[in-house]
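Chemist: Got a predicted structure plus its sequence, pasted below:
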Amino acid sequence: MSTTAEPGLRERKKAATRQALHDAAVRLATEHGLDRITVEAIADEAGVSRRTFSNYFGSKEEALMYGDSRRIRGLIEAVRARPTAESPWAALTAAAATFNGELGELDARRVAQSRLLRSHPTLIAAQVQTFAGVERELAAEVAGRMAEADPRGIRARMTAAAFLAALRVSFNMWLDAPVGTSLWEIAEEALANAGRGFA
């Protein structure tokens, strides 16, 4: 039996378990509220042990945030894939457009999760922590594209922060908008406004 395929299979199983725990957390939190669910309940819902849960996530908040973390990682990869000659803001905006197209329509479950996240203090804190890490990574990508000197990295960090703020604001506005409103139309306008100082 070949061993070369084993790591791939192992990683796929880990990814499937992580996704199952995330799905269980979203399902239970949406149905019962975050304060009424436990790590044990999430593990039971996913059909795994409490110890298995701990191997993947440090808390129920982290399990809930996994979907957002995965999507944000995809956005960073989209930025990295942009042509190196593009200016920082042009690369960020183009990556967001590409990522939005790949994301497709958001289903009712994702919308419910996002509304839950907006309303719960511990989830807001987890989101802030997630975005802080992403901001640093995006700032590094921005710094590599900058033509002008930025010895302290302030402009690169501000550019990344403005970009993420524009995406966050546009998403929250979209959640409150009438049904049928295009998320990308709001995001495109928000990015155009935010980009005036960074283009």
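Modeler: Thanks, I have the structure now. Quantities reported herein were computed from a predicted structural model and do not represent experimental measurements. Residues are numbered from 1 along each chain as shown.
Chemist: Please save the CA atoms from stretch 62-74 in PDB.
Modeler: Coordinates of each C-alpha in stretch 62-74 appear next as PDB, following Å, rounded to 0.1, in the frame of the first residue of the first chain:
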ATOM      1  CA  GLU A  62     -13.300  30.000  17.900                       C
ATOM      2  CA  ALA A  63     -15.400  27.200  16.400                       C
ATOM      3  CA  LEU A  64     -18.000  29.700  15.300                       C
ATOM      4  CA  MET A  65     -15.400  32.000  13.800                       C
ATOM      5  CA  TYR A  66     -13.800  29.300  11.800                       C
ATOM      6  CA  GLY A  67     -15.900  30.000   8.700                       C
ATOM      7  CA  ASP A  68     -14.900  33.600   8.700                       C
ATOM      8  CA  SER A  69     -11.300  32.700   9.300                       C
ATOM      9  CA  ARG A  70     -11.300  30.400   6.300                       C
ATOM     10  CA  ARG A  71     -12.900  33.000   4.100                       C
ATOM     11  CA  ILE A  72     -10.400  35.600   5.100                       C
ATOM     12  CA  ARG A  73      -7.500  33.200   4.400                       C
ATOM     13  CA  GLY A  74      -9.000  32.900   0.900                       C
END
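Chemist: That stretch: which residues count as buried?
Modeler: Glu62, Ala63, Leu64, Met65, Tyr66, Gly67, Asp68, Ser69, Ile72 (16 or more other Cβ atoms under 10 Å). Every C-beta, even on glycine, is put in place using the N, C-alpha and C of the backbone.
Chemist: For those residues, work out which two are farthest apart.
Modeler: Maximum pairwise distance among those (Cβ to Cβ): 15.8 Å, between Ala63 and Ile72.
Chemist: secondary structure class for Asp68?
Modeler: Assigned state for Asp68: helix (three-state reduction, DSSP: H, G, I helix; E, B strand; the rest coil).
Chemist: what's the burial count for the nearest residue to it once chain neighbours are set aside?
Modeler: Using Cβ to Cβ, 6 or more residues apart in numbering and skipping residues adjacent in sequence, the residue nearest Asp68 is Thr130, 6.4 Å away. Counted with other Cβ atoms under 10 Å, the neighbours of Thr130 add up to 16.
Chemist: just checking, Arg155 touches Ala147?
Modeler: No: in this structure, Arg155 is not within contact of Ala147 by Cβ atoms under 8 Å, at 11.0 Å.
Chemist: and those two? which has more neighbours close in?
Modeler: Neighbour count, other Cβ under 10 Å: between Arg155 and Ala147, Arg155 has more, with 19 against 7.
Chemist: what's the closest non-adjacent residue to Leu183?
Modeler: Leaving aside its chain neighbours, Leu183 sits nearest to Trp174 (4.6 Å; criterion: Cβ to Cβ, 6+ apart).
Chemist: how close does the one you found sit to Thr181?
Modeler: 6 Å (Cβ to Cβ, to the nearest Å).
Chemist: Pick out whichever of those two has more residues nearby.
Modeler: Using other Cβ under 10 Å as the criterion, Trp174 and Thr181 rank with Trp174 on top: 19 against 12.
Chemist: so which strand or helix has the residue nearest to Phe131 when sequence neighbours are not counted?
Modeler: Spatial nearest neighbour of Phe131, excluding adjacent residues (Cβ to Cβ, 6+ apart): Leu164 at 5.7 Å. Assigned by DSSP states H and E, Leu164 falls within helix 154-176.
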